[in-house]
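Trainee: Structure here, sequence nowhere to be found:
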């Protein structure tokens, strides 16, 4: 019972909706870091204190997930989208312990990439908001390519690890009504949110009327490492899928 409560609090966004959302001086980038850290703590604790998958907590996390999907559709801020996606995926972690932990790790890797995209926007355009950029517009192929990688991973497209761990859970889990509810919510929630961002974001199409902002070597290397890490997790995901 106690592990279930702890994992629900750490992973399902309860601290955000009850406390952090009401503290106006905490910035969205800091809320993302706090939320990601809480999920990471939950992943570590799940290895020592397995939860019992109580139906009540899975249903509560599913309701939080649906509410988070709604909140995510109202934002065009990369930081906010990042921590809403953590809460959207909480039911997977809470209901499916083994697959859920690795799925959550790959989710965090993808969201760290999204967070760094937000930092790039904020540094160069004064805001991590991708919809209301005026004047200089980001369409440089490098940053656009990395953004597409992260969005495809978040949309649960193979061969990225997020989709492989998700498929592994589908093949190895026992079916139930709650299983269907969680699976359908997570798949369509992640897919539609990622595609919504992709539709509204420029992806690096060359345009002679646009002033390009180049990524630094450090930024390119950092994002390349994240993409490589996602691909390495994909290899492990394929192994899990074949077991």
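Mentor: Noted; the coordinates are in hand. Predicted model, so just to flag it, every value in this text is computed and none were measured.
Trainee: Could you point out the longest helix of the protein?
Mentor: For the chain, the longest helix by residue count, based on DSSP state H, is helix 97-125.
Trainee: Phi first, then psi, for residue 176.
Mentor: The phi/psi pair for residue 176 (degrees, to the nearest 10) reads phi -160, psi 170.
Trainee: from here on, count from 468
Mentor: Yes, from this point I'll number from 468; that puts the last item at residue 643.
Trainee: any idea how far residue 490 is from it?
Mentor: 38 Å (CB to CB, to the nearest Å). For every residue, glycine as well, the C-beta is placed using N, CA and C.
Trainee: quick one on the thing from earlier: which helices and strands does the helix or strand just after the longest helix of the chain pack with?
Mentor: Proceeding N to C from helix 564-592, the next assigned helix or strand is helix 608-621, under DSSP states H and E. For helix 608-621, the elements it packs on are helix 564-592, helix 628-639, helix 644-667, helix 684-709, judged by 3 or more CB pairs under 8 Å, 6 or more residues apart in numbering; DSSP states H and E.
Trainee: how far off helix 684-709 does helix 608-621 point, in degrees?
Mentor: Here the directions of helix 608-621 and helix 684-709 differ by 20 degrees (axes from the mean of the first three to the mean of the last three CA atoms, to 10 degrees).
Trainee: For helix 608-621, buried residues please.
Mentor: Residues 610-611, 613-614, 616-621 are the ones in helix 608-621 that count as buried (16 or more other CB atoms under 10 Å).
Trainee: just the residues you listed now: which is nearest residue 560?
Mentor: The nearest member of the buried residues of helix 608-621 to residue 560, counting by CB to CB, is residue 621 at 15.3 Å.
Trainee: So residue 637 sits against residue 653, correct?
Mentor: No. Here residue 637 lies out of contact with residue 653, judged by CB atoms under 8 Å, at a distance of 10.6 Å.
Trainee: So these two - more neighbours on which side?
Mentor: residue 653 (23 against 15; other CB atoms under 10 Å).
Trainee: quick revisit: relative to residue 558, which of the helices and strands packed on helix 608-621 is closest?
Mentor: That would be helix 644-667 among the helices and strands packed on helix 608-621, by CB to CB, at 4.6 Å.
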